[in-house]
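K.L.:
quick one, what's the 3D model for this:
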Amino acid sequence: MKNSRAGELIDAYLMCQLNTPDVAAMDAYEKRMVTLWDADPARIVDFLNDTCADGSGAEAAALVATLPAGVFNSVIIRFAPETSQGMNLMLNEKLRCTEQFPFAPTSETVIALLRARGLPEFFVEETEQKLAALRDGCLGWRDVLTVPAPATFGDYPVLILSGDFDSITPPALAQLAADQIPQATLVLVPNATHSILGNYGECPTALVQRFMATPSAAVDASCTAQMRVPWILPDDALPGSWQ
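P.N.:
As a prediction, this is how the structure comes out:
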């Protein structure tokens, strides 16, 4: 599955005008969406036809019917409610509060810099509101911002994918995590950045699918060799070079 196809489905899903007239209907919609993880395409098509008003989900439904199984998972990850059991979408906020917020400048400093540079007041106010929300959220996490120790990890197989060019979680940090987890296998994905699954073709997805099917089996990552782009220097010296 190519990245463009998953992105195409997300774009089509955004055209869906939800038929959720009240809070109860929205709650039912969200609960139904989460049950569609790895669902058959026919169930997903029914879901889109039922919940998207005036046929606004027709394009997404047509794509689901032609794309590989599991592609709708990319929609669920992005749009499922944060309170859904098993989704753990707020884990990213916990990591942000642990690794970024303590080292960031104060909101007062940021706002003063924005105003000093003459940015529009509406932008300054929006930024101030976002920073306040981040601060309040991180204060809510403060009692659970503990550093995990190896003894807290379960002794079961873990697969870690890390992109060669991931600037958010560099390979060195992935290696550090793998070193701390008893049964971790680290696979470096050539030429990849962040968010590997669904964005770098069939190889990483197949790796994960095989691992989930038989976690105790050795991980065969040989397909990643075909993802590496060779860097070839020109035979002749470049113009103006000292050679």
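K.L.:
burial of residue 170, as a residue count?
P.N.:
15 (other C-beta atoms under 10 Å). The way it works is simple: take the backbone N, C-alpha and C, and place the C-beta from them, glycine included.
K.L.:
phi, psi for it please.
P.N.:
Backbone torsions of residue 170, given as degrees, to the nearest 10, read phi -60, psi 160.
K.L.:
now it, nearest residue through space, not along the chain?
P.N.:
Take residue 170 and drop its neighbours on the chain: the residue closest to it by C-beta to C-beta, 6 or more residues apart in numbering is residue 162, 8.0 Å away.
K.L.:
tell me how far the one you found lies from residue 68.
P.N.:
24 Å (C-beta to C-beta, to the nearest Å).
K.L.:
neighbour-wise, which of these two wins?
P.N.:
Each of residue 162 and residue 68 has its neighbours counted (other C-beta under 10 Å); residue 162 has more, 21 against 11.
K.L.:
give the contact list for the more buried one.
P.N.:
169, 170, 171, 174, 175, 186, 187, 188, 189 (C-beta atoms under 8 Å, 6 or more residues apart in numbering).
K.L.:
and if you look at residue 159?
P.N.:
184, 185, 187, 207, 208, 211, 215, 219.
K.L.:
repeat that with 6 Å
P.N.:
Residue 159 is in contact with 185, 211, counting by C-beta atoms under 6 Å, 6 or more residues apart in numbering.
K.L.:
report the separation between it and residue 201.
P.N.:
Distance of residue 159 to residue 201, computed by C-beta to C-beta: 17 Å.
K.L.:
following element in sequence after the helix or strand hosting residue 139, please.
P.N.:
For residue 139, the enclosing helix or strand under DSSP states H and E is helix 121-141. Remark: after helix 121-141, the chain's next helix or strand is strand 158-163, criterion DSSP H and E.
K.L.:
what mean pLDDT does that next one get?
P.N.:
The average pLDDT for strand 158-163 rounds to 93.
K.L.:
lowest-confidence helix or strand of the chain?
P.N.:
helix 91-99 (a mean of 68; mean pLDDT, DSSP states H and E).
K.L.:
what does the domain assignment say about the protein?
P.N.:
Listed domain ranges for the chain are 3-79, 95-144, 150-227 (source: automatic domain parsing).
K.L.:
among those domains, which comes closest to residue 233?
P.N.:
domain 150-227 (18.1 Å; C-beta to C-beta).
K.L.:
for residue 166, what are its contacts?
P.N.:
193, 194.
K.L.:
which element, helix or strand, includes it?
P.N.:
Applying DSSP H and E, one finds residue 166 in no helix or strand.
K.L.:
can you add distance to residue 233 and give the domains of the chain back as TSV?
P.N.:
Putting the domains of the chain into TSV (distance: least, C-beta to C-beta, whole Å) gives the following:
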stretch	distance to residue 233
domain 3-79	29
domain 95-144	37
domain 150-227	18
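K.L.:
reduced to three states, what does the residue nearest the centre of the chain come out as?
P.N.:
Closest to where the C-alpha atoms of the chain average out (C-alpha atoms, centre = their mean) is residue 195, at 4.9 Å. Secondary structure, DSSP: H, G, I helix; E, B strand; the rest coil: residue 195 is coil.
K.L.:
and the strands in this protein, which stretches?
P.N.:
Shown for the chain, the strands assigned by DSSP state E span residues 158-163, 184-189.
K.L.:
need those strands in JSON lines (columns: distance to residue 59).
P.N.:
Compiled in JSON lines, these are given as follows (distance: least, C-beta to C-beta, whole Å):
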{"stretch": "strand 158-163", "distance to residue 59": "31"}
{"stretch": "strand 184-189", "distance to residue 59": "31"}
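K.L.:
residue 38: which of these is closest?
P.N.:
Set against residue 38 and scored by C-beta to C-beta, those come closest in strand 158-163, at 17.4 Å.
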